[in-house]
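> With the input below, show me the fold.
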Amino acid sequence: MKKLLSLLTMVVLTLCFSVSAFALEEETPVPDEPEEPYMYTQAISSTLSISGNTATCVSQVIGKPGQVTLITITQYLQKRIGNSWTSIKTWSKTFSTTTASFVNTESGLGSGTYRVFTLAEVDSGSSYEFVTAYSTVRTI
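Numbering: from 1, shown residues only. Reported below is the predicted structural model:
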């Protein structure tokens, strides 16, 4: 009886403390061809440079050739106040070209953290899309 009880105890302990590990073999999915993010826009960029207390804001939009008739760029110079961004200066301009570059400066900036937000409406004549870009954050 003791042998049977010992054997039964050993089996129970073995089952309780055994660890099984296994890995499922999965097929690695083949990615689809990357989709172009925009219908009419090839690229958009937003750049901020600061020298002293003067910010230079540059927004560039490249439309797809033969598809774009107008590009309207709205450029926002923003300052971080607390945990949010506040626009302190806004410029806007419409270009009748496929490629647009918009440069503005703002002087008299106080200490703080700044960025440029670019919003562009890219028009094909029969339709349009809005595209956006943020600059790198700069601190004075």
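> Where does pLDDT dip in the protein?
Scanning the chain for pLDDT under 70 picks out the ranges 1-36.
> Now do the strands in it.
Under the criterion DSSP state E, the chain contains strands at 41-51, 54-63, 70-81, 84-95, 99-106, 113-123, 128-134, 138-139.
> and those as CSV, adding mean neighbour count?
No exception for glycine: its C-beta is placed from N, CA and C like everyone else's. Formatted as CSV, the strands of the chain follow (neighbours: other CB atoms under 10 Å):
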stretch, mean neighbour count
strand 41-51, 17
strand 54-63, 21
strand 70-81, 19
strand 84-95, 13
strand 99-106, 16
strand 113-123, 21
strand 128-134, 15
strand 138-139, 12
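> and stretch 92-111, how far from the chain's centre?
Going by CA atoms, centre = their mean, to the nearest Å, the spacing between the C-alpha centre of stretch 92-111 and its chain's C-alpha centre is 21 Å.
> Export that stretch to CSV, keeping only CA atoms.
The C-alpha trace of stretch 92-111 is given here as CSV (Å, rounded to 0.1, in the frame of the first residue of the first chain):
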residue,chain,number,x,y,z
SER,A,92,-1.6,81.0,-46.3
LYS,A,93,-0.9,81.1,-50.1
THR,A,94,-2.3,79.5,-53.2
PHE,A,95,0.0,78.3,-56.0
SER,A,96,-1.0,77.5,-59.5
THR,A,97,1.8,75.0,-60.0
THR,A,98,2.6,71.3,-59.4
THR,A,99,5.3,72.1,-56.9
ALA,A,100,5.1,74.8,-54.2
SER,A,101,7.5,76.1,-51.7
PHE,A,102,6.4,78.6,-49.0
VAL,A,103,8.9,80.4,-46.8
ASN,A,104,8.0,82.8,-43.9
THR,A,105,9.9,84.3,-41.0
GLU,A,106,8.8,85.5,-37.6
SER,A,107,11.0,87.5,-35.3
GLY,A,108,10.8,88.5,-31.7
LEU,A,109,10.2,85.0,-30.4
GLY,A,110,10.5,84.5,-26.7
SER,A,111,12.0,81.4,-25.0
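> which residues sit against it?
Residues outside stretch 92-111 that contact it (CB atoms under 8 Å, 6 or more residues apart in numbering): 50, 53-65, 68-75, 77, 88-89, 91, 120, 140.
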